[in-house]
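Trainee: Here's a sequence, model it:
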Amino acid sequence: MGVSGSGKTETSHAVADALGYRHIEADHFHPEANVARMRAGTPLSDADRVEWLQKLAVEMQRAVADDVGFVLACSALKRSYRNILRDAVPDLRFAHLSIDYETAVQRVGGRVGHFMPISLVDSQFATLESPEGEPGVLVVDASQPRETVVGEITEWIRFGGDLAINAREDLSSAPRDSANKRGGERGSQSAGPSFTEAKGAELTQPPIYSGKLAQAFDRITDWLMAVLLAFMVVVVFSSVVLRYAFGTGWTGAEELSRLAFVWLVFVGVASSMRRGELMAFSMIRDRFPELFRRVVDSISWIMVAAASGLAALGGWNQMQFGWTISSPVVGYPLAVAMVPVAASMVALAVLALVQLVNVWRRQPPAPIAEANVTAD
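Mentor: Below you'll find the model as predicted:
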């Protein structure tokens, strides 16, 4: 259960598959009048939901009569709705997929062809009565990777409805990636419909690799970028103060700040690519089957590796040439400006080849355009 965009359909399918249970999608039982209201942006009233909840009760009882377990994907926003479902199946339990408003809006807005408009997200949160504290309820942070959410729910079911203390400790003590709050999980496996950094900006793809090497890489690049940015601030600020306060200036300030900026840009590109934070355009690619997406991704990474290799070669050639030429103002060899270009392009080429391998080794994440949204 949960508001639209919390991931009910995709998560419930995965839980049903993991447990070998029947899956019931509540969206399929809405009367046409309800669907028409939601298409028009009109929130459903309690009266509108009565027939729908009754149909769900019948469907759950049919599964019970067939002696099969079932997983229902249903918003069940109010306690009164949940009680109707509990009356039909007394031992019913609820896993509440909890997300924040911004994430819900982002996911609903990314869904193509669904009858749930973004305008109804407000009504979903206004209607929601948290089930926390009710019997047989598990509250799950749905902004985590899908595998983590599914694992937490299935463990809860298998432990008879109460997740074991040690299981909770294992989940809370998972290794953290410096780029992503739960990067150890996200970098080592497919990471559900989206990759978020501390519930903030959504990443365009999962981190290319993780672990101690990734953390060391991040620490080095983060500190280097911080030092470069601090250097730029000090140089520019001191130059401005000297110019306007003392009528003098620092001859090499502008050139040194430009040099630091070049380093900052290229170090940042390598760091961002490892973390999955680069810009991506995948609207068309996401509408094709998985095999096609893998082929397109493979071609893309081959092109990135080839272009990065050429840029690295060009940077290296410029370095060889630049050692013999000095800066006319400060006097440093111009090759220094090309060191980050060559180094970062080598890093990008290696990362692209690693990602090329990952395309065929990992289960690909669900595209953002198919992020789960349910209307109920």
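
Trainee: is it fair to say Ala104 lies in a strand?
Mentor: No - when the secondary structure is assigned by DSSP: H, G, I helix; E, B strand; the rest coil, Ala104 falls in helix instead of a strand.

Trainee: Give me the spatial nearest neighbour of it, chain neighbours excluded.
Mentor: Setting aside the residues directly before and after it, Ala104 is nearest to Gly5 in space (Cβ to Cβ, 6 or more residues apart in numbering), at 3.8 Å. (C-beta placed from N, C-alpha, C; glycine too.)

Trainee: which SS class is that neighbour?
Mentor: Assigned by three-state DSSP, the conformation of Gly5 is coil.

Trainee: isn't it right up against Val121?
Mentor: Yes - here Gly5 reaches Val121: they are 7.0 Å apart, a contact under Cβ atoms under 8 Å.

Trainee: Those two: who's more crowded?
Mentor: Gly5 (28 against 22; other Cβ atoms under 10 Å).

Trainee: What's the separation between the more buried one and Met303?
Mentor: Applying Cβ to Cβ, to the nearest Å, one obtains 34 Å for the distance of Gly5 from Met303.

Trainee: how far out from the middle of the chain is stretch 49-59?
Mentor: Using Cα atoms, centre = their mean, to the nearest Å, we find the averaged C-alpha position of stretch 49-59 to lie 34 Å away from the chain's own average C-alpha position.

Trainee: Just the CA coordinates for it, please, in CSV.
Mentor: Extracted C-alpha coordinates of stretch 49-59, given in CSV (Å, rounded to 0.1, in the frame of the first residue of the first chain):
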residue,chain,number,x,y,z
ARG,A,49,-14.2,3.7,-3.7
VAL,A,50,-16.8,1.5,-2.1
GLU,A,51,-17.6,-0.6,-5.2
TRP,A,52,-13.9,-0.9,-6.0
LEU,A,53,-13.0,-2.1,-2.4
GLN,A,54,-15.8,-4.6,-2.5
LYS,A,55,-14.4,-6.0,-5.8
LEU,A,56,-11.0,-6.3,-4.2
ALA,A,57,-12.5,-8.1,-1.2
VAL,A,58,-14.1,-10.7,-3.5
GLU,A,59,-10.9,-11.2,-5.4
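
Trainee: For it, what does the pLDDT average out to?
Mentor: With pLDDT averaged residue by residue, stretch 49-59 scores 90.

Trainee: And stretch 85-100, by the same measure?
Mentor: 92.

Trainee: Now do the same for the residue nearest to Ala104: its pLDDT.
Mentor: Here the pLDDT value assigned to Gly5 is 83.

Trainee: list the contacts for Val3?
Mentor: Contacts were defined as Cβ atoms under 8 Å, 6 or more residues apart in numbering; by that measure Val3 touches Ser75, Leu77, Ile99, Ala104, Val121, Gln124, Phe125, Leu128.

Trainee: So the third one sits against Gly5, correct?
Mentor: Read it as Ile99. Yes - using Cβ under 8 Å, Ile99 is in contact with Gly5, at 6.6 Å.

Trainee: Quick check: closest non-adjacent residue to Leu353.
Mentor: Nearest non-adjacent residue to Leu353, counting by Cβ to Cβ, 6+ apart: Ala305, 5.3 Å away.
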